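>>> below is the structure, and that's it, no one-letter string:
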């Protein structure tokens, strides 16, 4: 089972690397502690979504969304479950096409302990950090 998961990870990584184009650094996710959503965002998300969360339209097609306006676009309510599920790879809705964003729940198996609880904590802390970026 572990071998199949590793093969899936490599396939996803290679597909993501190809789609990200020249802006990608083609590197595996670096092990970053699950204790800080801000540190994980800088390590895993900022390359595509920008350090400030406003997206990077010139680098990616389609443009990555402005993560600072999620609550504004949702009538003042932060769409916590949608963001959490998008990070985990369960929801892509109309925002992401297939393979536009890697399923971080799979990739997080290879950083840290990779246990279910740690993966859940990582996704929740990233979601909370993105909530803190919201502009009013």
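Everything's here; your move. Nothing here was measured: the structure is a model prediction, and the numbers come from that model.
>>> just checking, which helix or strand of this protein averages the lowest pLDDT?
Scoring the helices and strands of the chain by mean pLDDT, DSSP states H and E places helix 2-20 at the bottom, with a mean of 58.
>>> any figure for the gap between the closest residue to residue 131 other than its chain neighbours and residue 120?
Nearest residue to residue 131, sequence neighbours excluded (Cβ to Cβ, 6 or more residues apart in numbering): residue 78, at 5.0 Å. C-beta: built from backbone N, CA, C; applies to glycine. Noted for residue 78: a distance of 19 Å to residue 120, by Cβ to Cβ, to the nearest Å.
>>> residue 102 now?
As judged by Cβ to Cβ, residue 102 and residue 120 stand 17 Å apart.
>>> between these two, point out the one with more neighbours.
Neighbours were counted for residue 102 and for residue 120 using other Cβ atoms under 10 Å; residue 102 has more, 21 against 15.
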